[in-house]
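**Student:** Just the structure for this:
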Amino acid sequence: MRLSDVINEEWLDTKKVKKDYMQASPFPHIVMHNFIKLELLTKIANEFPDLSKLQGSVKIFDNSREVKLASQGMEDLSPQALYLTSYLQSDLFLKWLNELSSISEPLISDPYLSGGGYHEIKKGGFLKIHADYNKHPKLDLDRRLNLLIYLNKDWEDEWGGGLQLFGDDMDLPQQKVIPRFNTAVIFTTTSYTYHGHPDPLSCPSNRSRQSLAYYYFSIGRPESESSKSVHSTLFKERIGESFASKVSFKSVAKELIPPIIVKLVKRVAGK
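**Tutor:** Prediction:
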């Protein structure tokens, strides 16, 4: 088993790319084109399912901050996606990540793929600017790195969907990455590494923004990166932006109708 089985040789020598990663703005990151072996990633892209048609295991986000689909765990990953995942969660890749990022604590992959795996954004979808949750939802681990691999062949710039990286100034992004096929991004995650693709996709209705996501953790983190509290995703408005709440009749009714009435209605309905 060798990383060169799945990753192209030009990216394996961390001495050549580490400086670019550490000095990148607005926070440490690297954009890698032609990252995964072409034949393998082509198969993964061809096997990518329509997440809206999967039953049960897909998480649907539909609110003023995010409209997207995401798989849960490894159940829905295709055979080739599982093959790649085994490499990207192995000790070989974790050591490579440690060297690239200069993180001194041993990195740990996520066997649950919590929030990772397949991601899909359809026409009109978006993900507002945010900093990621800082603790694993099941394990006492600190989130340290994200790896995103894009699967979109013949992606047009005007369709949008570029990954945007923001610094303290929320007016304009400091970096934008077009989600083209076999472009990968690795970046440090803290409570202040703001990123997203905040504008609705304008791709054709028969296309979608597809990617693989992997998150990496450690036991503890430097004091300089520590947050005062454990938090979930922290969304942040851009200058001039306001998150309008999407409130449904169902959610309002749930708050206003006494539980005993709800139980009675369900009983009468035979539920």
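**Student:** so residue 94 sits in a helix?
**Tutor:** Yes. Using DSSP: H, G, I helix; E, B strand; the rest coil, the assignment for residue 94 is a helix.
**Student:** number of nearby residues for it?
**Tutor:** For residue 94, the neighbour count with other CB atoms under 10 Å is 17. (Glycine included, C-beta is placed from N, CA and C.)
**Student:** ok, and the closest non-adjacent residue to residue 204?
**Tutor:** residue 123 (7.1 Å; CB to CB, 6 or more residues apart in numbering).
**Student:** repeat for residue 157
**Tutor:** For residue 157, ignoring the flanking residues on the chain, the nearest one in space by CB to CB, 6+ apart is residue 178 at 6.0 Å.
**Student:** Then residue 153?
**Tutor:** Using CB to CB, 6+ apart and skipping the chain neighbours, the partner closest in space to residue 153 is residue 181 (4.5 Å).
**Student:** Over to residue 243?
**Tutor:** residue 64 (4.6 Å).
**Student:** Would you mind confirming that that neighbour makes contact with residue 244?
**Tutor:** Yes. Look at residue 64 against residue 244 with CB atoms under 8 Å: they come within range, at 5.1 Å.
**Student:** higher neighbour count, these two?
**Tutor:** A direct count of neighbours by other CB under 10 Å for residue 64 and residue 244 places residue 64 higher, at 14 against 9.
**Student:** Kindly give the local confidence score, pLDDT, for that one.
**Tutor:** We have a pLDDT of 93 for residue 64.
**Student:** same deal with the one 4 residues further on?
**Tutor:** Among the per-residue scores, residue 68 shows a pLDDT of 97.
**Student:** in the sheet, who's paired with it?
**Tutor:** Taking DSSP bridges as the rule, residue 68 bridges to residue 61.
**Student:** follow-up on the earlier one: burial measure for the residue nearest to residue 157, as a count.
**Tutor:** 16.
**Student:** for it, what are its contacts?
**Tutor:** Residue 178 sits next to 155, 157, 161, 162 when contact means CB atoms under 8 Å, 6 or more residues apart in numbering.
**Student:** repeat for residue 241
**Tutor:** Counting by CB under 8 Å, 6+ apart, residue 241 makes contact with 128, 198.
**Student:** That one and residue 170, how far apart?
**Tutor:** Distance, residue 241 to residue 170, by CB to CB, to the nearest Å: 8 Å.
**Student:** Equivalent analysis for residue 85, please.
**Tutor:** Using CB to CB, residue 85 is found at 34 Å from residue 170.
**Student:** any idea how far residue 118 lies from residue 74?
**Tutor:** Using CB to CB, residue 118 is found at 10 Å from residue 74.
**Student:** which one of those two has more residues nearby?
**Tutor:** Relative neighbour count places residue 118 above the other of residue 118 and residue 74, with 24 against 16, counting by other CB under 10 Å.
**Student:** Mind listing the residues bridging to that one?
**Tutor:** residue 212.
**Student:** State the number of residues packed around residue 33.
**Tutor:** Neighbour number of residue 33 under other CB under 10 Å is 13.
**Student:** thinking it is in contact with residue 182, fair?
**Tutor:** Yes. At 6.8 Å, residue 33 and residue 182 qualify as touching, with contact defined as CB under 8 Å.
**Student:** all helices of the stretch 101-250 of the chain, in order?
**Tutor:** All helices of the stretch 101-250 of the chain, identified by DSSP state H, counting those that start in this stretch, fall at 249-256.
**Student:** where in it is pLDDT low?
**Tutor:** Scanning the stretch 101-250 of the chain for pLDDT under 70 picks out the ranges 245-250.
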